[in-house]
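> What follows is a predicted structure for the sequence shown.
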Amino acid sequence: MLGAISLLSFILISNSPIDPVRSYIGADMMLVSPEQRQQIAEYWGLNESKTSQFFHWVKAVSQGDLGTSLLYRVPVTDVIAERFLASLALMAVAWGLSGLFGFILGSIAGMKQGSWLDRFIKGYCFILASTPTFWLGLVALMAFSVWLGWFPIGLGSPAGMLAEDVTLFDRLKHLVLPALTLSIVGVANVALHTRQKLVEVLNSDYVRFAKAKGEKGFSLYWRHGLRNISLPAISLQFASFGELFGGAVLAEQVFSYPGLGQAIVQAGLEGDVPLLLGIVLFSALFVFIGNLLADVFYRIIDPRIRAEGNYE
Amino acid sequence: MNNKVRKRKYSLRQRTIAKIVIALVLLLIMVVSSLLIGPDRLGVNLDLRNQSPSLDFLFGTDWLGRDMLARTLKGLVLSLGVGVLAAFASTCIALLLSLVAAWSSWTDRLVSWLIDLFLSVPHLVTLILISFTVGGGFKGVVIGLSLTHWPSLTRVLRAELLQIKQAEYIQVSKRLGKTRGWIARHHYLPHLMPQLLIGFTLLFPHAILHEAAVTFLGFGLSAEQPAIGVILSESMNYLTTGMWWLAFFPGLSLVCMVALFDLLGQSVRKMIDPYHAMK
Amino acid sequence: MRINRASHKQEEGTHFRSSRLLEVTDFALSFTTYTGGLKETTEQAIKKLDMTIDTGEIVAVVGASGSGKSLLANAILGMLPANATVSGLIKYKGKALTLQDQVQLRGTEIAMIPQSVNSLDPLMKAGKQVRTMIKGKNKKEKQREIFAAVGLDEKVERNYPFQLSGGMARRVLIAIAMVSSAELIVADEPTPGLDEQALEDSIRPIRLLADQGKGVMFITHDIGTALRLADKIVVFNDGKTIETANVKDFYGKGEALRHPYTKQLWNALPQNGFHTP
């Protein structure tokens, strides 16, 4: 699968009209002679056939070498490693918060199905699902940073400060708004899904029977609801790494947060081919790990799969 | 013993139809009003720069004195166009691939594999990649959106086909010597129509949202076009000046439009496919 | 094969005084549904139903599938869907039931043995499902006692429902009804499609419940099983109770039975030669 993605993204990128040499040289284009350009192209092997370029690249990648970023002039792996740490903090917070609150909201809505509270939560999620992440980010930025001045306007740390001087508190302060934005958007999906699942469970034979046994309210939820909805909810949460990544790209762009998402946007806009390819591969790996975790989680927790491996 | 039925003035269906009509009317108003906007409203008018929202300019004006309401409406209609194209293309791809999957077991495996492949990279990353290849612009966005939105619908259609393939009337048709093409045309297609219609309407809001997102990032529609994504990304430069209306109203309008389409899709589904919608 | 009902009847007076537990009079139930287009129509599921259950008595409600028997069970527990409208009277221990009463009585005074084995929580071990219904201490011992009574092995308590056979799952369901302190047990088709041994294993504990003085409503479509287990048979057809007969009336060619439908049911049994007029 990863191989197919590599091939596809490579084909896509190598057919791009954007000239990597031009983007490498950037604004100095006029100062560089055609001969020098030719030299650079040769150095990178741009004159070789597409297939041999691809095999060179694959060989390098398999040895852990993703090439050098044209923008940052450092190995792509270094850029990804550094940026990913920042993104990871952002995504982890958003992932946890949206999962937790989404689950709680969805549970409340499901238990009170049909009530005004349910309608309210459903309506809220419905509107949130139609809200672009970046716009929400902009609004949050306007409200909390520009008007109220509670949070910095952007970036991962105060501008103009040396990396060593940045305190953990500074970093946290810069993390709050992007993480909040990402969480709020994420909540909608989780809540709606949890609600639907809970409604399904509440209509099941075993919950009807539990009601016939006199169980109701919170103890009913705790005993039968929670057990049966948390499994799919948690595995779904793991399987949503892809959306999380996409959301992070947008949030990072709005808040100028120096994460992986911002890097891919820059790489794409300015033709940094090695970095772009590297991040595409990395994001696929990220999604893959999420799906794998969801699978493993199910196998460990669900007694039906744990016992025999043949469910239903 | 007082199991009373809650009295409702209107039946569920009447309310669903009402929702569909309201959503359609609102969307229609939007399109028509954008067509009625003359070029003077969009023109640069330096005397009326940076006006906050007022009765004359409901959404305010930007740094060139352009009416934000007019720009927003134009942008919405542009998004709508992109959305229609992309959703339509995606639906076609989904239909085609699900029919291919129904052909034989190895094509089914191939299609499943393709679905997994496209779902294994975040949508937005794929969009950036495709836009990078095509070189951005209108074409890039439409191709990108078409190529990223088909997997979920294909899954639904494929499952549906797997089910009816086992149905008796298909088996009878086969035994009567009908070709696979004939069966596809006369049995599969009519059966899939409702799902296709639902899928199309529900793809719509997604496509519009993603269009706005890639445009915002700078990979989509070019800066000269009055797309919502462009408006919002420009507004970022003016954030610190406190010109909140530049970003607030266009974005809110986008939310409204997407929500309306979502409502439309859900309602259509409720009408056509009440069993699944109720679940 | 017949359970000795006669001896049980004789003991009745010495053990407890039989009293009226449940009384259903003039009960009717209808649904409001959409039948295409925008029209709401009302569908009469139960037209007129009358029956009584005394303590220590098993009353079988016999009727074809889809005749509304299960709805009766749900109506007694107050668990009808929202689009159902009911009329008539359901009295429990001489008091007309309100929905609030029903919610109160569920699980404490009225217990249910459900039709579907899916009624067990798929993610909870069998023993635990029984134990949650036990009040007071020594839950584990009580649960094991009950398991022994219904003929379940002790290790079954650690099994999840998906690891149980159909017959075992049914007995777990019956065990759940047995551990509750309920006086009225509503069994909704607890014995569909069981083989002879499993059927025997399932109905023995139900008889046990009645012998403890509980009233049992045994809903079934199978008159054969009903005759083996019950004291009284309520025949239900076309939304109405058409006859309430004592089990001893079922003999010969059904001369003692009043209604032709009941006679038909009786004569259609295998041992009576599948006679269908």
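Right, received. Where do you want to start?
> Quick check: the residue of the stretch 51-200 of chain B nearest chain A.
residue B:124 (3.7 Å; C-beta to the nearest C-beta). To be clear about C-beta, it is placed using only N, CA and C from the backbone, and glycine gets the same treatment.
> can you tell me the helix or strand for residue 191?
I'll assume chain A. helix A:168-202 (DSSP states H and E).
> think we crossed wires, I meant chain B
Assigned by DSSP H and E, residue B:191 falls in helix B:189-217.
> Would you mark the buried spots in that helix?
For helix B:189-217, burial by neighbour count (16 or more other C-beta atoms under 10 Å in any protein chain shown) applies to B:191-192, B:194-217.
> Double-check the residue of the stretch 51-200 of chain B closest to chain A against residue B:213; I have them as touching.
Yes - using C-beta atoms under 8 Å as the test, residue B:124 is close enough to residue B:213 to be in contact (6.5 Å).
> Between the two, which contacts overlap?
Residues touching both residue B:124 and residue B:213 (C-beta atoms under 8 Å, 6 or more residues apart in numbering or on different chains) are A:246, A:250.
> Return the residues in contact with the residue lying closest to residue C:195 once chain neighbours are set aside.
Using C-beta to C-beta, 6 or more residues apart in numbering or on different chains and skipping residues adjacent in sequence, the residue nearest residue C:195 is residue C:167, 7.8 Å away. For residue C:167, the contact set (C-beta under 8 Å, 6+ apart) comprises C:194, C:195, C:197, C:198, C:201, C:202.
> Now tabulate the residues you listed in JSON lines and tack on secondary structure and pLDDT.
Below are those laid out as JSON lines (DSSP: H, G, I helix; E, B strand; the rest coil; pLDDT from 0 to 100):
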{"residue": "C:194", "secondary structure": "coil", "pLDDT": "70"}
{"residue": "C:195", "secondary structure": "coil", "pLDDT": "73"}
{"residue": "C:197", "secondary structure": "helix", "pLDDT": "76"}
{"residue": "C:198", "secondary structure": "helix", "pLDDT": "74"}
{"residue": "C:201", "secondary structure": "helix", "pLDDT": "76"}
{"residue": "C:202", "secondary structure": "helix", "pLDDT": "77"}
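> Show me which of these are buried.
Using 16+ other C-beta under 10 Å, the buried ones in these are C:194, C:198, C:201, C:202.
> pLDDT below threshold where in chain A?
Per-residue confidence for chain A (pLDDT under 70) gives these ranges: A:1-3, A:5-55, A:57-58, A:60-66, A:70, A:146-170, A:305-312.
> Of all the residues in stretch C:249-256, which ones are buried?
Neighbour-count burial for stretch C:249-256 [16+ other C-beta under 10 Å]: C:249, C:250, C:254.
> so residue C:90, which of the three states?
Put simply, residue C:90 is strand when judged by DSSP: H, G, I helix; E, B strand; the rest coil.
> Contact partners for it?
So residue C:90 contacts B:1, C:22, C:23, C:24, C:27, C:75, C:76, C:96, C:97 (C-beta under 8 Å, 6+ apart).
> on contacts alone, who are the packing partners of whichever strand or helix holds residue C:261?
In this structure, residue C:261 sits in helix C:260-267 according to DSSP H and E. Applying 3 or more C-beta pairs under 8 Å, 6 or more residues apart in numbering or on different chains; DSSP states H and E, one finds that helix C:260-267 makes contact with strand C:232-237, strand C:240-246.
> at 10 Å what do you get?
helix C:223-229, strand C:232-237, strand C:240-246 (3 or more C-beta pairs under 10 Å, 6 or more residues apart in numbering or on different chains; DSSP states H and E).
> which strands and helices sit next to the shortest one?
With contacts defined as 3+ C-beta pairs under 10 Å, 6+ apart, the secondary structure elements packing on strand C:232-237 are strand C:40-54, strand C:58-62, helix C:69-77, strand C:215-220, helix C:223-229, strand C:240-246, helix C:260-267.
> all strands of chain B, in order?
Counting by DSSP state E, chain B forms no strands at all.
> So which residue is dead centre in it?
residue B:204 (1.3 Å; C-alpha atoms, centre = their mean).
> show me the contacts for the residue positioned nearest the centre of chain C.
What sits nearest the mean C-alpha location of chain C, by C-alpha atoms, centre = their mean, is residue C:187, with 2.3 Å. Contacts for residue C:187 (C-beta atoms under 10 Å, 6 or more residues apart in numbering or on different chains) come out as C:58, C:60-61, C:73, C:111-115, C:173-174, C:177, C:202-203, C:206, C:209, C:216-220, C:229.
> and the residue of the stretch 51-200 of chain B nearest chain C?
Closest point on the stretch 51-200 of chain B to chain C, by C-beta to the nearest C-beta, is residue B:194, at 15.9 Å.
> just checking, residue B:204 touches residue B:265?
Yes - under the criterion of C-beta atoms under 10 Å, residue B:204 makes contact with residue B:265 at 6.8 Å.
> Show me which residues of chain C sit near chain B.
Residues of chain C lying close to chain B by C-beta under 10 Å from any C-beta of the partner chain are C:27, C:29-32, C:34, C:36-40, C:42, C:75, C:78-90, C:96-102.
> If any of these are buried, give me the ChimeraX selection for them.
Buried residues among those (16+ other C-beta under 10 Å), as a ChimeraX selection:
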select /C:27,29,30,31,75,78,79,80,83,84,85,86,88,90,97,101,102
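> Chain neighbours aside, what residue packs nearest to residue A:220?
residue A:210 (5.8 Å).
> quick one: the helix or strand encompassing that neighbour to helix C:69-77, angle?
Using DSSP H and E, residue A:210 sits in helix A:205-212. Counting by axes from the mean of the first three to the mean of the last three C-alpha atoms, to 10 degrees, helix A:205-212 lies at 40 degrees to helix C:69-77.
> same for helix A:205-212, what does it pack against?
Short answer (3+ C-beta pairs under 10 Å, 6+ apart): helix A:205-212 packs on helix A:168-202, helix A:217-220, helix C:69-77, strand C:110-113, helix C:126-131, helix C:166-179.
> Look up the closest residue to the residue of the stretch 51-200 of chain B closest to chain C, ignoring the ones flanking it.
residue B:272 (4.4 Å).
> Now do the same contact list for the one you found.
Here residue B:272 is in contact with B:193, B:194, B:195, B:197, B:198 (C-beta under 10 Å, 6+ apart).
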